[in-house]
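Chemist: no FASTA, just this:
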């Protein structure tokens, strides 16, 4: 492995990065830095988040700028405020011993006035979120005409967040003779499209392989029923006593609910989602970085830009629909040469997602069984014993109290005292798991099954404790999970608990607790939904009783038309006779 000096890094920057603890370059730095220093053409670098990318592009940018000119010469675009600030701090650290270097961060969610003043004073490197930079450009404050080097960091994230138009506007404003460096964790079609549009004669540098998860990450999944997912999460967290993790949820509501449950159950957890104000977000992320928070429950969007090197686990409370999101999630652990684990809690109907992800990242998932209560208690007990043994004792500090302590415990046997100390720390786990609810083991078929037809789905059984119901509304009626929940809350009352939902074109199936099934059927049957009369009944009834998709309406019989005419004639008002 080469040294930073062999890569061509200047002495001033080497001095700064040595103080930061940089001993040897990481693979992405070893591949990118010398290439950028020797070549002026465009580059696409594919590497996972947390592999040292900021130094890989930040050091060459610093060595390319002219410090005698206080005008924008380099631009770094990032998807989030947090990542924007982090990149700015890192580049400033690298430039600690360089005279006349000015780096400024501009981003949304903060007052624009200080950022305008900073740009007017003059900077060489701008680190920005696309939206705020376009705003500053349109105000005539950010002059991009002299930009010679532009970096798109987390390009796939920016495109996923809808910054395509902003990026296009920015590229139209900079000098044609610029160099572009695009960093991305995955090479999606959108990234390839942007590369073909804005990059010319580019070199692709791949660290690892295209679209793979972090090399040091193990991928594990637990298969449970939907109703047991939170119980499974608790067991997994308890099984790893020293866990430091992000728990990813699909929605803001689910994120807050899971965080609230964890906090209520005594876990050191916080939520991070889009409904939080910026000061709340900053405080939550600061506490997590400082390990004051052990479990961060977050949405994909909210966690973007959160860079923490020593995460032990990433937990997917259900898999994302987009494989790229899974890649980003799992890439947050296993950094800086450390091992990490990506855990997914899924139900049987998500197994196809596991297979799709495996094909994309080229790695196998390991199916694991939910830990038993005995295993968890044993792990927690060892943790308590380890903490007691490794606790440092300051004899001088405790000496004044030892006489009272010895007198207090004089008549307690040593073994009894040890039991009490351990029980004090360990008792809550013993108490919980003595009465812990059982989690049904889900054993998927070894052979992959083809998707079921509507007729086959009719015969599916509900999960334990639930009743499977039929309703004569489907996707063609605009009847999706959100619409179902609104209908239940409106007509049944309260927040109705729902299990699995199967949506077909003209009909749907959903599960509710057995105790609520009769009430739900009674309340929904007969209501009107977008002009249709709703029928809801037990899905176990005969298939003939279920409404089939309607084709062309049958022509009515002659007698039917005659009866309709008779009814119309009877209702007709008699005409007045002419005189």
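Modeler: Looks like it came in fine. A quick note: this is a predicted structure, and the numbers were derived from the prediction, not measured. Numbers count the residues shown, from 1 in each chain.

Chemist: show the average pLDDT along stretch 131-141.
Modeler: Here stretch 131-141 scores 92 as its mean pLDDT.

Chemist: can you check stretch 227-243 too?
Modeler: 91.

Chemist: next one: stretch 17-35
Modeler: Averaged across stretch 17-35, pLDDT comes to 86.

Chemist: quick one: buried residues of that stretch?
Modeler: 17, 22, 25-26, 28-35 (16 or more other C-beta atoms under 10 Å). From N, CA and C alone the C-beta is placed, and that goes for glycine too.

Chemist: just stretch 67-77 next, same as before
Modeler: Across stretch 67-77, burial judged by 16+ other C-beta under 10 Å covers 72-77.

Chemist: before we move on, what about stretch 101-115?
Modeler: Taking 16+ other C-beta under 10 Å as the basis for neighbour counts, the residues of stretch 101-115 that come out buried are 101-108, 115.

Chemist: what's the end-to-end length of that stretch?
Modeler: End-to-end span of stretch 101-115 (C-alpha to C-alpha, to the nearest Å): 17 Å.

Chemist: oh, and call the first residue 339 from now on, that's how I've got it
Modeler: Got it, the first residue is 339 from now on, which makes the last one we talked about stretch 439-453.

Chemist: show me how far it is from its chain's centre.
Modeler: Between the mean C-alpha location of stretch 439-453 and the chain-wide mean there is a distance of 27 Å, by C-alpha atoms, centre = their mean, to the nearest Å.

Chemist: tell me which residues touch the residue nearest to residue 577 when sequence neighbours are not counted, please.
Modeler: Closest residue in space to residue 577, ignoring its immediate chain neighbours: residue 709 at 4.2 Å, by C-beta to C-beta, 6 or more residues apart in numbering. For residue 709, the residues meeting the contact criterion (C-beta atoms under 8 Å, 6 or more residues apart in numbering) are 573-574, 576-577.

Chemist: show me where the stretch 589-738 of the chain has strands.
Modeler: Assigned strands in the stretch 589-738 of the chain, in chain order: 607-610, 633-636, 651-654, 678-684, 704-706 (criterion: DSSP state E, counting those that start in this stretch).

Chemist: try the stretch 389-538 of the chain
Modeler: For the stretch 389-538 of the chain, the strands defined by DSSP E, counting those that start in this stretch occupy 412-415, 441-444, 463-466, 487-490, 517-522.

Chemist: quick one: contacts of the last one?
Modeler: Counting by C-beta under 8 Å, 6+ apart, strand 517-522 makes contact with 374, 378-385, 391, 394-395, 486-494, 529, 532-533, 536-537, 540, all of which sit outside it.

Chemist: looking at the strands of the stretch 589-738 of the chain, which is buried most?
Modeler: strand 633-636 (a mean of 26; mean count of other C-beta atoms under 10 Å).

Chemist: who does that strand pair up with?
Modeler: Strand partners for strand 633-636, identified by DSSP bridges, are recorded as strand 583-586 (parallel), strand 607-610 (parallel).

Chemist: now it, how far from the centre of its chain.
Modeler: 10 Å.

Chemist: what sits up against that strand?
Modeler: When contacts are defined by C-beta under 8 Å, 6+ apart, strand 633-636 is touched by residues 575, 581, 583-587, 593-594, 596-597, 600, 605-611, 622, 626, 641, 644, 655.

Chemist: at 6 Å what do you get?
Modeler: Contacting residues not belonging to strand 633-636 are listed as 583-585, 593, 596-597, 605, 607-610, 626 [C-beta atoms under 6 Å, 6 or more residues apart in numbering].

Chemist: could you give the mean pLDDT of that strand?
Modeler: Here the mean pLDDT over strand 633-636 is 94, rounded to a whole number.

Chemist: stretch 448-464 now?
Modeler: Per-residue confidence for stretch 448-464 averages out to 92 on the pLDDT scale.

Chemist: what's the distance between it and the middle of its chain?
Modeler: Using C-alpha atoms, centre = their mean, we find the averaged C-alpha position of stretch 448-464 to lie 32 Å away from the chain's own average C-alpha position.

Chemist: what does stretch 825-832 give?
Modeler: Once both centres are worked out by C-alpha atoms, centre = their mean, stretch 825-832 turns out to sit 30 Å from its chain's centre.

Chemist: still on that earlier bit, which one of the buried residues of stretch 355-373 is nearest to residue 664?
Modeler: For these, the minimum distance to residue 664 (C-beta to C-beta) is 21.0 Å, reached by residue 366.

Chemist: show the contacting residues for that closest one.
Modeler: Per C-beta under 6 Å, 6+ apart, neighbours of residue 366: 385, 389-391, 394, 545.
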